[in-house]
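1. next come a sequence and a model predicted from it.
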Amino acid sequence: MNWAGTKSENVASVWLVYHLCDRLSPRQFKEVLAKVGLARLDDESYQEYRARIRDKAGILIDSTSLKRQAFDRAVASLEPDLLFAGKTDDYEIIQRLHYQLDELVPEKEKGHEADIRREILQRTFLKQNNLYNKLQMLRRQIESMDGSGNWLDPDHLAVITGNASLYSDNNGHYDFTATPPGSKWWRLTNQEIVQAWQAAADKTGFWDKIHLDGLLTAATCGQLATALRHEYLALKDLPAYGPEVLYRTRDFRVLAGLKYIIALCHAMGIKSDLQPVLSFPLGSNVVSLLDVARAYETIINGKSYRIGRLGAGESLRIIDHIENSDGEIIYRPNKLLKRVVDPQTSLEVSDIMRHVVKYGTGRYAYNNIRLHSTDPTRNKMFKDLDLRVPLLGKTGTANRFRNSSFVGYVPGLGKNHKEMVLAGGYALATYVGFDNNLPMVHSSTHITGSQGALRLWSSLADSMLTSISNQFDLGGLFFTDIDEIPLAYPDLGQINIDVGNGDKVLRNVDDGQLSYGEDIDQKNIAMGQKFTTFGTKTGAGKVSLSRYFKPFWRSDENASTN
Amino acid sequence: MRQQIEYLRISVTLRLGLIGIGLLLMSGCVSTPQFIFGSKPPVSAGERQDKTAPAPAPATATEPSVAKEDKSSQKVVAPPITPSPDNVKQTSADNSSAGGVGGGEKAITSPAPLADVLSGEGASCDNDTARPREVEPVDTAFIAGRLALYRKKLTTWNQLAGGLVSLDMGGTWPKGWYSCVQRLEMVFAGYRRLRPRSAIADAPSGALAAYQRDVEYLESNCDEVMAGGQADIKATLGNFNAILVDQAASSVRQYLEQGKNIEAGLAYEHFVQVYGKAAATPELKIMYSEALRRQGRLEASLAPLRNIWADDDNWGIVYADLLLADGKPVAARKIYEEIGKKLAATRDNELWVNNQLSILDKDADSRLFGVYTEALRSYYRFNGQNVSAGFAANLAEIKASGTTAMSDNSRIITKKVNSEIDRRTDMQLAKIDELIGGQEFEQAHVIVNELLTFVSADRRSEVMAAQDRIEEARKAARQGRQELDKQKNDRQWQAAVDLLDRREYRAAIGIFRQLLKSDYADEANAKIAEATNMDAVEVRRKAAGLFFKARKTDDPQLKRQLLLQSRALLQQVAEDYPKVDIIDKIKRNIQVLDDQLGTIPLVP
């Protein structure tokens, strides 16, 4: 996620939301459900609960959703079999295979992205299984052929196989598909199919190795279909809205994750109305600038500030106090403080936002903001030092460039005045857009978050640094080779992983085990100098990442790995 | 002691001076050095106390002329003297006279003789007398005496040490013990080295050292340390014996209380065998006699009382009764008379004794006398619980006869027997309640059953009530235990389910297994099966991941390593969960791994 945040990979954010509850144990998931109002209440009957989840929350569990769930289970159970059988190609395909995708890509949509989407839509189990069934019918017809040499009716075979045919690349590879695989492949006639089958030493193996539409082999597809059937039979006898089925239903889990995010937003002080939609991270919910500033302050400091009576709190404090003519204080707003984000999460997200400014879309601020002083002597010293300022933030650009925003954080000054710290800083949010919501596009100019709002933000942040600049202790800085004012993180047991300037890369994240090193791989992630996370270094270039369950209602508890 | 030490210091100071003179003489000056070692030995407190110590005889053997001339020196040699200012003075005078320089009357308290010698007064510078031979016949008897004295001390110390060790007082040696032993051995060794005459001649400094150590020993408090050690041993032995006797008495008493009469007798006999009869106290003997009586060995039960009956009238009566019961009326009479005379017995005893005397006087020849003595035998065989057959009938017959003395004593016997049964009943009932408190219900039941064999009819209901109490307590304890077990099992169950929830399968299985003997047995079995299957599936998935990585790498070493890791995971599952659903798959996968491993060349 560090990389995703830095590179502004919105899809990664959607992925995170989609899988937010995947690693929770049943007990933890149940706790989340209870907090977000999706758990069955003590005095609620099964029928009432079903009605609530199905009719109000929109989670429909029918045979299709059961089959989707059965498919997920079947894939999980089949993976080791494929690996030990050496079917690694099938293994990799099956991991990206969907049970069914209903979306259609409009014919008029052209381009690379549309092609990818169409390809993805082809990768469904139902399509594969359809081909598999046709192939099996073809197989039965051919294997049941009598020895008289009388060929079956080609028209009949065409009815069986539909528009799919068997293709060969002349290297012993066969593909059963409706779409010609390529120029090197040719379509086999019925006679050639029979001859190829008869020539095969392993008659069963001949059919098993045939690929379906260039994806799974027939044997694997058959295995998957059998496993799916088995899982489905086990699921369909269970109560559809009972925990065994419901808790494993993808839509329900995603809904729980979204509801959690909304609850977290409210806990952080966001008052805008929020909808549980998967496009949430892309900006589909309308949130006021004040709400966003309030949320950033809470994320980085971990605490939500309120002024006024409990429950009716505002975070803006314009009036410090009111005195009457006798000097008696007749009003002073109550300041309420509540931890919402646990310190570890605060630190990790802060680190992500720091990298956004340093390496990502917020680089303008990093490159242009410097400490400066009203005192000419000090100002000259700052200029000579040319030290960059550690800033945190994130860009935001609306669809079709209708608005752009940058929300960030200017850290505070450390107690020794020699470094900056996360505590005591300022959350600052800027927004650029037309009142009539028209796109900010003019010929080739498109106003994005980094181009519009970030400039404004940087100007404001720069002016806010005056106070820090005047107090900053410059002694000793002249004798260092640093190019950035240090930003000291609180010591929470975090570890810093040095991944260099791209020559070292993250290599693999596998089941909580992170490897990093100098091997450069196309698929791997180039990163900045280092990032901060929690875990245990288990050897050279290896880290076992911590996994902890800290929903916002538990943010006051000590972190525990789980 | 102070005077004695002062004496010795003077003596040694003198000797040091004289040795110096001797050395001068040996180097050329004529003198009469034979007096050098001719003085009386120093006398220690130990020597004063120990009259058996061999007295050193310094002068007689080596200095006959001095012994003849000065009888006072004979006097101080044997028996050992008690040091006093007078005899210190005397001894010093002896020294001087032994030297032949001054007269017997002259007390030498300073190295004056040295000046005399140097001035030539009273001495002649004769080459003959200056030869070593005049030094050689020094006081070997003195050395022998000191040696004997210190050998005796050393022996005593060693015995003392042995005693302390045997009493397990090794950890608490008297203060100064080690330094005293060391000091003692040095003195002894110093004198031992002086035994050969040549040693004295060759190494007069050794003699000086021996003297110095002797003085130092006497100046120290080592004899007091030794005396303290002896006192400690005596006190410890006394305590030790008291503890032994207490333990033996407690053991014999406990057996008697429990009605284990044979064991009681054996316990006493074992004690006597180990520690001797002298260690047995009268109380022990009384109990032993009782144990024998209860075994029916009346005649044997007389022996332990033989020497102690006179110490206590009660014991005396028992002894006399036993004699009478054993058919020894004459001996019994003597004792009754003796006790009667003392009039020290209680009224009951007095009545009893008077009755017994009356019976002996008047009824000894009657038919009932035999019945009476039989009843008396039964009474003394009474083990606190059961009486022998015919006992009640005999007593009833005697009571019915109207013979006053016999009837009276029969009533006393009946009363004593009933009283003893009541006492034992009370004791056992209390014991039952104690056992109930300790939840030792089986043991309590044993006592109830035992009580039912001898409890009187009017107290039977108490025993039955005790039995009910046992059952109620047992039931309550069972319920309490079940409740505790249930709570514990509930906690364990929840913990195991939580662990399973967190996919910590092995830990969960461990706890589920602990619940297999509880009410959760069925559920636990099901959960174990579920957890083992889930764990096996997950481990197999990890193993498959490693296998996948191994297939993708071209590095044979890494490939081998990954395959071995994968195999180890599967092997572990196969060993730990041989009955999981996927066991056949796991075995096949292991075979695949083995095949793959076989294709990788071993890197030398």
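-> Great, that's in hand.
2. measure A:T161 to A:R68 for me?
-> For A:T161, the distance to A:R68 equals 27 Å [Cβ to Cβ, to the nearest Å]. Placement of C-beta: from N, CA and C, glycine included.
3. go on, A:N285?
-> 27 Å.
4. how about the secondary structure of A:D175?
-> strand (DSSP: H, G, I helix; E, B strand; the rest coil).
5. hey, what's it bridged with?
-> A:Y167, A:H211 (DSSP bridges).
6. and the gap between it and A:R187?
-> From A:D175 across to A:R187, the span is 10 Å (Cβ to Cβ).
7. neighbour count: the two, which is higher?
-> A:D175 (22 against 12; other Cβ atoms under 10 Å in any protein chain shown).
8. is it correct that the more buried one is in contact with A:G182?
-> No - using Cβ atoms under 8 Å, A:D175 is not in contact with A:G182; the gap is 9.3 Å.
9. send the alpha carbons of the helix or strand harbouring A:D89 over as CSV?
-> Assessed by DSSP states H and E, A:D89 sits inside helix A:88-95. Output in CSV follows, covering the C-alpha atoms of helix A:88-95 (Å, rounded to 0.1, in the frame of the first residue of the first chain):
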residue,chain,number,x,y,z
THR,A,88,1.6,-24.6,-12.8
ASP,A,89,0.1,-23.0,-15.9
ASP,A,90,-3.3,-24.1,-14.8
TYR,A,91,-2.5,-22.9,-11.3
GLU,A,92,-1.7,-19.4,-12.5
ILE,A,93,-4.8,-19.3,-14.7
ILE,A,94,-7.1,-20.6,-12.0
GLN,A,95,-6.0,-17.9,-9.6
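10. packing partners of that helix?
-> On a contact count with 3 or more Cβ pairs under 8 Å, 6 or more residues apart in numbering or on different chains; DSSP states H and E, helix A:88-95 meets helix A:63-84, helix A:218-236, helix B:521-552.
11. closest to A:E484 out of these?
-> Among these, helix B:521-552 comes nearest to A:E484, with 38.8 Å by Cβ to Cβ.
12. what's the angle between the closest one and helix A:63-84?
-> Helix B:521-552 and helix A:63-84 are oriented at 60 degrees to each other (axes from the mean of the first three to the mean of the last three Cα atoms, to 10 degrees).
13. so what does the very next helix or strand once past helix B:521-552 touch, helix or strand wise?
-> Downstream of helix B:521-552, the next assigned helix or strand under DSSP H and E is helix B:556-576. Judged by 3+ Cβ pairs under 8 Å, 6+ apart, the packing partners of helix B:556-576 are helix B:521-552, helix B:583-599.
14. now find how far off-centre the longest one is within its chain.
-> Its chain's C-alpha centre and that of helix B:521-552 lie 62 Å apart, by Cα atoms, centre = their mean, to the nearest Å.
15. do the same with stretch B:547-558
-> Worked out by Cα atoms, centre = their mean, stretch B:547-558 lies 73 Å from the chain centre.
16. that one spans what distance, first to last residue?
-> End-to-end span of stretch B:547-558 (Cα to Cα, to the nearest Å): 11 Å.
17. neighbours of the closest residue to B:A574 other than its chain neighbours, how many?
-> Using Cβ to Cβ, 6 or more residues apart in numbering or on different chains and skipping the chain neighbours, the partner closest in space to B:A574 is B:I586 (5.4 Å). By other Cβ under 10 Å, 24 other residues sit near B:I586.
18. next one, pLDDT for B:I586 please.
-> Looking at B:I586, its pLDDT reads 95.
19. wait, what's in contact with the residue in the stretch 301-450 of chain B that chain A sits nearest to?
-> For the stretch 301-450 of chain B and chain A, the shortest gap (Cβ to the nearest Cβ) falls at B:Q439, measuring 39.2 Å. Counting by Cβ atoms under 8 Å, 6 or more residues apart in numbering or on different chains, B:Q439 touches B:A473, B:R474, B:A477.
20. repeat that for B:R213.
-> By Cβ under 8 Å, 6+ apart, the contact set of B:R213 is B:R183, B:M186, B:V187, B:G190.
21. of the residues you listed - the most surrounded one?
-> Neighbour counts for the contacts of B:R213, by other Cβ under 10 Å, peak at B:V187, which reaches 27 neighbours.
22. backbone dihedrals for residue 216, both of them.
-> In the absence of a named chain, this looks at chain A. Note on A:L216: backbone dihedrals following degrees, to the nearest 10 are phi -70, psi 160.
23. got a list of what it touches?
-> A:D90, A:I93, A:I94, A:L97, A:Q128, A:L224.
24. thinking again about what came up before, filter the contacts of B:Q439 down to the ones in helices?
-> B:A473, B:R474, B:A477 (DSSP state H).
25. please identify which helix or strand holds the residue lying closest to the last one once chain neighbours are set aside.
-> Think B:A477. Excluding the flanking residues, the one nearest B:A477 by Cβ to Cβ, 6+ apart is B:Q439, at 5.2 Å. Assigned by DSSP H and E, B:Q439 falls within no helix or strand.
26. okay, now the unreliable bits of the stretch 301-450 of chain A?
-> Where the stretch 301-450 of chain A drops to pLDDT under 70, the residues are A:308-316, A:449.
27. what segments of it are strands?
-> In the stretch 301-450 of chain A, the strands defined using DSSP state E, counting those that start in this stretch lie at A:303-307, A:322-323, A:329-331, A:335-339, A:392-397, A:403-413, A:420-433, A:441-442, A:445-446.
28. orientation of the first one relative to strand A:420-433 in degrees?
-> Orientation check (the same axes, to 10 degrees): strand A:303-307 against strand A:420-433 gives 70 degrees.
29. how far off strand A:335-339 does strand A:303-307 point, in degrees?
-> 160 degrees.
30. mind listing residues that contact strand A:303-307?
-> If you take Cβ under 8 Å, 6+ apart as the criterion, strand A:303-307 is touched by A:267-269, A:294, A:297-298, A:313-317, A:333-341.
31. again with the last one
-> Outside strand A:445-446, the residues within contact range by Cβ under 8 Å, 6+ apart are A:F401, A:M440.
32. I'd say A:C221 and A:Q128 touch.
-> Yes - taking Cβ under 8 Å as the definition, A:C221 is a contact partner of A:Q128 at 5.2 Å.
33. circling back: pretty sure the residue nearest to B:A574 sits against B:A544.
-> No - between B:I586 and B:A544 there is no contact under Cβ under 8 Å: 10.8 Å.
34. find the nearest non-adjacent residue to residue 319, please.
-> Answering for chain A, as no chain was given. Once flanking residues are discounted, A:I319 sits nearest to A:P333: 6.7 Å by Cβ to Cβ, 6+ apart.
35. oops, I was thinking of chain B
-> The shortest distance from B:Y319 to any non-neighbouring residue, by Cβ to Cβ, 6+ apart, is to B:W309 (3.8 Å).
36. isn't the one you found up against B:D321?
-> No - if you go by Cβ under 8 Å, B:W309 and B:D321 don't touch, sitting 10.6 Å apart.
37. okay, these two: which has more neighbours?
-> Legend: neighbour count by other Cβ under 10 Å for B:W309 and B:D321, higher for B:W309 (26 against 23).
38. ok, now which ones touch the residue nearest to B:A574?
-> Contact analysis of B:I586 by Cβ under 8 Å, 6+ apart lists B:A536, B:R540, B:L570, B:V573, B:A574, B:V580.
39. thank you kindly, that will do.
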